[in-house]
Every structure is written in structure tokens, then in C-alpha cells.
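Participant: one predicted model, sequence on top.
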Amino acid sequence: MNKESVLAILDTVKDPEVPVLSVVELGIVRDVEFDGDAVTVVLTPTYSGCPAMQTIEDDILAALNAAGIAGASVRTVFTPAWTTDWIPSAAREKLRAYGIAPPGHSGVHSPVQLRRREPVVCPFCGSPNTAERSEFGSTACKALHYCNACTQPFEEFKAI
């Protein structure tokens with residue numbers, strides 16, 4: 001057992017709010033630590049109040065247990081704060097193919113930042129002629145948009 005094999009297991013654990021991405025692709029798995037035979041997965045939540053964290057922790061432990069890694073643990077860390085910049089480009093494309101506009105790059109350089117209001121490209125037709133309908137979609141990390149070109153509603157994974 002090594003870090004790569006544990007990460008491969010974790011790559012099968014889907015985010016319950018965005019099931020097209022694994023917890024690894026989402027960028028919340030920060031590290032895998034070993035202390036003898038004990039395995040600890042280090043996570044950074046997308047935000048401190050994320051309601052899916054307990055489910056994610058349970059799913060991680062279940063996947064590790066199913067792979068024969070019993071007694072693993074999860075440790076949550078809040079620094080550095082998670083950013084959508086940790087989502088790799090291949091995962092961003094999975095979001096687009098799933099019908100969620102991927103986040104732009106956050107450009108986080110300070111603890112206080114205003115959300116940029118660049119046009120959000122429709123994941124269905126590619127048009128930038130879209131309008132935000134609600135700052136919040138089905139989860140706090142997504143916003144609801146409408147495409148004026150193809151008339152499809154869609155969510156945007158907000159850049160933070």
C-alpha cells in the first residue's frame with residue numbers, strides 16, 4: 001500500500017453534490033498520510049459549512065474498508081483554504097460535459113475578493129449570451145444561469 005494506490009481508491013469516491021467528479025478531481029483530498037499500517041486521508045472542504053462533508057468522509061472510509069484498508073481515518077484541515085483553482089482541467093471538462101459550467105480561475109491573491117462577473121459560457125451550446133438567475137443553485141457552491149441562445153437553464157460551479 002502506497003499513496004498512489006490509496007489515491008486510486010479515493011478517485012472512485014464521487015462527490016455527492018457533483019457526482020461527475022471524484023473527491024480527488026474536486027481537489028479536496030490534500031494528502032494521504034501513513035503511520036505504520038494506519039492511513040489518514042487529509043481533506044479540505046470546499047467551504048467550512050459544506051453539508052456534504054460527513055457523507056464524503058463516510059464514503060471515503062467505506063471505499064478504503066472495501067479495499068481492505070481497515071481503521072483508516074479522515075482529518076479535516078482548513079488552511080490553506082480550498083479554491084476552485086485546485087480542480088484540474090480534465091475535471092472541468094467533465095463538469096461541462098455533465099451540463100455544469102465549470103468555474104473560471106479564481107485569481108485568489110488575498111483573503112477578500114469580489115466574485116468576477118465575466119460572462120458564463122453555456123455548457124450546452126457554448127454561447128456566452130447567458131444570464132445569472134440566482135446567486136445560488138442546488139448547492140451554495142453553484143449559481144443558476146439561463147442561456148439566451150439555446151434557452152437551457154444550467155448551473156455554474158462558482159469560482160472561489
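Facilitator: Ah, there it is.
Participant: so what pLDDT did the residue lying closest to Ala91 once chain neighbours are set aside get?
Facilitator: With sequence-adjacent residues excluded and distances taken as Cβ to Cβ, 6 or more residues apart in numbering, Ala91 is closest to Glu25, at 3.8 Å. In this view, the C-beta of every residue, glycine as well, is placed from N, C-alpha and C. With respect to pLDDT, Glu25 has a value of 97.
Participant: my read is that Glu25 contacts Ser89, right?
Facilitator: No - with contacts counted by Cβ atoms under 8 Å, Glu25 stays clear of Ser89, the gap being 10.6 Å.
Participant: so which of these two has more stuff around it?
Facilitator: Shown here are Glu25 and Ser89; by other Cβ atoms under 10 Å, Glu25 has more neighbours (22 against 8).
Participant: enumerate every residue touching that one.
Facilitator: Residues counted as contacts of Glu25 (Cβ atoms under 8 Å, 6 or more residues apart in numbering) are Asp11, Ile87, Pro88, Ala90, Ala91, Lys94.
Participant: report the two of these separated the most.
Facilitator: Checked with Cβ to Cβ, the contacts of Glu25 reach their widest spread between Asp11 and Ile87, with 13.8 Å between them.
Participant: settle it for me: which of these two has more neighbours?
Facilitator: Looking at Asp11 and Ile87 with other Cβ under 10 Å, you find the greater number of neighbours at Ile87, namely 24 against 15.
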